[in-house]
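K.L.:
model this:
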Amino acid sequence: MILWILLLLLILVVFGFGFLMHLLWWAAVVLLVVWIVGFVMRGRRGARHRQSVT
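P.N.:
Coordinates of the predicted model:
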């Protein structure tokens with residue numbers, strides 16, 4: 001009986017860890033997209049600012 005409980009707990013931990021890693025991958029993708037958009041927008045704004053100064 002204890003073996004079954006330990007096995008079920010192990011399955012729950014592995015499933016929870018896999019689900020958490022899936023969520024972390026999606027969060028990493030979203031943050032990467034936000035960073036790229038911010039980098040592009042900053043580059044465009046910087047280029048416009050440099051052209052208006054000269």
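K.L.:
Where does the most centrally placed residue in the chain fall, secondary structure wise?
P.N.:
Geometric centre of the chain, nearest residue: residue 28, 1.6 Å, by Cα atoms, centre = their mean. Element membership for residue 28, per DSSP states H and E: helix 2-53.
K.L.:
Just give me how far that helix sits from the chain centre.
P.N.:
0 Å (Cα atoms, centre = their mean, to the nearest Å).
K.L.:
Who are the packing partners of it?
P.N.:
Helices and strands touching helix 2-53, as assessed by 3 or more Cβ pairs under 8 Å, 6 or more residues apart in numbering; DSSP states H and E, are absent. Where you see a C-beta, it was placed from the backbone N, CA and C, and this is true even at glycine.
K.L.:
circling back to that earlier point, where's the residue nearest to the centre of the chain relative to residue 8, distance?
P.N.:
Going from residue 28 to residue 8 by Cβ to Cβ, to the nearest Å gives 30 Å.
K.L.:
same deal with residue 20?
P.N.:
Taking Cβ to Cβ, one finds residue 20 at 18 Å from residue 8.
K.L.:
With residue 26 instead?
P.N.:
Counting by Cβ to Cβ - residue 26 and residue 8 are separated by 27 Å.
K.L.:
And for residue 1?
P.N.:
According to Cβ to Cβ, residue 1 stands 11 Å off from residue 8.
K.L.:
Compare these two and say which is more crowded by neighbours.
P.N.:
residue 8 (10 against 5; other Cβ atoms under 10 Å).
K.L.:
Burial check on residue 12, number of neighbours?
P.N.:
10.
K.L.:
next one: residue 30
P.N.:
Residue 30 has 10 neighbouring residues, counting by other Cβ under 10 Å.
K.L.:
Let me know the pLDDT of it.
P.N.:
pLDDT for residue 30: 96.
K.L.:
Contact partners for it?
P.N.:
Going by Cβ atoms under 8 Å, 6 or more residues apart in numbering, residue 30 touches no other residue.
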